[in-house]
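Undergrad: Any chance you can model this:
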Amino acid sequence: MDSDGVKNAIIRQQLQATNAANARTLIENINEKCFERCVPKPGSSLLSSEQTCLTQCMEKYMAAWNEVNAAYIRRLQQEVGNQTISST
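TA: This next block holds a predicted model:
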């Protein structure tokens, strides 16, 4: 494997680790924020209103997360593009 192949493999491995960490953070945040907001008095089962609240909260949280993530990716791509242009 040439040096570019090794470099790309390392980048892919780091991206996979970062993606896994981001997924864990997303799930932890959803659990913490949405559960606290939607289930003020936990019981043996969720009320219908609590289930609805949790579903809506999770959908909103994930939509916001996706927006932030997409903006971050665009920024990274822009920076990589600028580096490529300036190095040529």
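Undergrad: Go through the longest helix belonging to the chain and flag the buried ones.
TA: If you go by DSSP state H, the chain has its longest helix at helix 48-87. Buried residues in helix 48-87, counted by 16 or more other Cβ atoms under 10 Å: 50, 53-54, 57-58. Using the backbone N, CA and C atoms, a C-beta is placed for each residue, glycine as well.
Undergrad: State the helix or strand in which residue 5 lies.
TA: Using DSSP states H and E, residue 5 maps to helix 3-38.
Undergrad: Quick check: mean pLDDT of stretch 19-27?
TA: In this model, stretch 19-27 has a mean pLDDT of 87.
Undergrad: now stretch 34-48
TA: Mean predicted confidence for stretch 34-48 is 92.
Undergrad: List the buried residues in it.
TA: Here stretch 34-48 shows 34-35, 38-39 as buried, counting by 16+ other Cβ under 10 Å.
Undergrad: from these, which is closest to residue 79?
TA: Comparing the buried residues of stretch 34-48 against residue 79 with Cβ to Cβ places residue 34 closest, at 32.9 Å.
Undergrad: what about the spatially most central residue of the chain, distance to residue 66?
TA: Nearest to the mean C-alpha position of the chain, counting by Cα atoms, centre = their mean, stands residue 22 at 4.6 Å. Using Cβ to Cβ, to the nearest Å, we find residue 22 at a distance of 11 Å from residue 66.
Undergrad: if we can go back for a sec, what would the buried residues of stretch 34-48 look like in TSV with distance to residue 74?
TA: Listed next are the buried residues of stretch 34-48 as TSV, based on distance: Cβ to Cβ, whole Å:
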residue	distance to residue 74
34	27
35	31
38	32
39	36
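Undergrad: Out of the residues you listed, which comes closest to residue 16?
TA: Using Cβ to Cβ, the buried residues of stretch 34-48 come closest to residue 16 at residue 34, 26.6 Å.
Undergrad: Name the nearest residue to the closest one, ignoring sequence neighbours.
TA: residue 57 (3.7 Å; Cβ to Cβ, 6 or more residues apart in numbering).
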